[in-house]
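Engineer: Pasted the sequence and its predicted model underneath.
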Amino acid sequence: MSEWTLGIIGGSGLYQLDALEDAQWISVDTPWGAPSDDLLIGHIADVKCVFLPRHGRGHRLGPSQLNFRANIDAMKRAGVTDLVSISAVGSLAEDIAPGHFTVVDQFIDRTFAREKSFFGDGLVAHVSMADPVCPRLSSYAADAARKAGATVHYSGTYLAMEGPQFSTRAESHMYRHWGADIIGMTAMPEAKLAREAELPYALIGMVTDYDCWRENEAPVEVEAIIAQLGANAAAGRALVEHLARSLPEKREASPIDTVLDYALITDPSVQDPALKAKLDAVGGRVFGA
Ligand SMILES: CSC[C@H]1O[C@H](OP(=O)(O)O)[C@H](O)[C@@H]1O
Ligand SMILES: Nc1ncnc2[nH]cnc12
């Protein structure tokens, strides 16, 4: 049996994963509230897979309504060892065209109306986000995207905006000057919380549009995004299947598995027992759940 349990967060257009065998929707409760939906738990070959549609089936939740902490906690609670996230994104670069996939390796976080940490009052932690994704999982995901037939960009900076409105033209130009390659509304604080939960994380951005920085082109509208999403989602599903099938049976330890060993700063004598209890899944390895 494979040592990997692969978590998959599906973004806009990806609400179901038919490739999962013996799959069942399971309700998972967390100390942080309800995740976006039940988890679809099954397997691909001998890899256990846990799928969560980020916006819920039917796309009920907007980016600022997502309970990111509950989503990551639920993944951890379901035994996920590695988490791949799939997102619809706008392109901020000429050579990244709609239909292309970008394997994200950096982020600029401009979100401001979201809970961004599992830690805080009574138990403080500071994890490093210098290298925010897992290179190993990203590399498997990139190969899987290529096998799925997508044009793949092997690195890219994702600008996370609050939304739900799309950017102004001035913002879009500014993000390009900052060096961002793609833009979306959901990967932050998802990536930060995955790191706090010691989950190696990879993000694949499926490009739907050119946002609004191109002078002679109509700005992005949901209608155009939905049209592109259909084509992208098929490749996204194929990517997940190739990814699960390409994982070696044995899972070597990742440095991300143990980041909390170096992140906690609160003296044990004053750590809040109530917060520690809430961290049973996220920090169970260090607090002995
Ligand atoms: C439907 S376009 C805007 C919407 O799509 C992206 O969601 P996700 O990252 O979950 O695929 C974007 O971030 C916005 O939430
Ligand atoms: N242009 C865009 N801006 C923000 N999020 C997006 N998701 C898909 N396209 C987007």
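Structural biologist: Cool, got the structure. Ligands and ions are numbered 1, 2, ... in the order given.

Engineer: residues from the chain in reach of ligand 1?
Structural biologist: Applying C-beta under 6 Å from any ligand atom, one finds that the chain approaches ligand 1 through 11-12, 54-55, 63, 87-88, 163, 184-186, 222, 225. Backbone N, C-alpha and C define where each C-beta goes, glycine included.

Engineer: hey, C-alpha coordinates of stretch 103-114 in CSV?
Structural biologist: Extracted in CSV, the C-alpha atoms of stretch 103-114 (Å, rounded to 0.1, in the frame of the first residue of the first chain):
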residue,chain,number,x,y,z
VAL,A,103,3.2,25.4,-11.3
VAL,A,104,3.4,28.1,-8.7
ASP,A,105,6.5,28.6,-6.6
GLN,A,106,6.0,32.1,-5.1
PHE,A,107,3.2,34.2,-3.8
ILE,A,108,2.4,37.8,-3.1
ASP,A,109,-0.4,37.9,-0.5
ARG,A,110,-2.7,40.9,-0.8
THR,A,111,-5.7,39.3,1.0
PHE,A,112,-6.9,41.1,4.2
ALA,A,113,-10.3,39.8,5.3
ARG,A,114,-9.4,36.2,6.3
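
Engineer: Flag every buried residue along that stretch.
Structural biologist: For stretch 103-114, the neighbour count (16 or more other C-beta atoms under 10 Å) marks 103-107, 109-111, 114 as buried.

Engineer: next one: stretch 49-64
Structural biologist: Judged by neighbour count (16+ other C-beta under 10 Å), stretch 49-64 contains these buried residues: 49-56, 63.

Engineer: May I ask which two of those are separated the most?
Structural biologist: Put simply, by C-beta to C-beta the two of the buried residues of stretch 49-64 set farthest apart are C49 and P63, 24.4 Å from each other.

Engineer: Surely Q228 and E221 touch.
Structural biologist: No: assessed by C-beta atoms under 8 Å, Q228 is found out of contact with E221, at 11.3 Å.

Engineer: So the two - more neighbours on which side?
Structural biologist: Neighbour comparison, Q228 and E221: the larger count goes to Q228, with 17 against 12 (by other C-beta atoms under 10 Å).

Engineer: Neighbours of the spatially closest residue to the more buried one that is not a sequence neighbour, how many?
Structural biologist: In space, not counting the residues next to it along the chain, Q228 is nearest to T208; the distance is 4.2 Å by C-beta to C-beta, 6 or more residues apart in numbering. Residues within reach of T208, counting by other C-beta under 10 Å, total 26.

Engineer: does the single nearest residue of the stretch 101-250 of the chain relative to ligand 2 count as helix, strand or coil?
Structural biologist: Using C-beta to the nearest ligand atom, the single residue of the stretch 101-250 of the chain nearest to ligand 2 is D211, 3.9 Å away. Following DSSP: H, G, I helix; E, B strand; the rest coil, D211 is assigned to coil.

Engineer: Distance check, it against Y175.
Structural biologist: Computed as C-beta to C-beta, to the nearest Å, the D211 to Y175 distance reads 8 Å.

Engineer: can you list the residues of the stretch 151-289 of the chain near ligand 2?
Structural biologist: Residues of the stretch 151-289 of the chain lying close to ligand 2 by C-beta under 6 Å from any ligand atom are 161, 166, 183-185, 208-209, 211, 220, 225.
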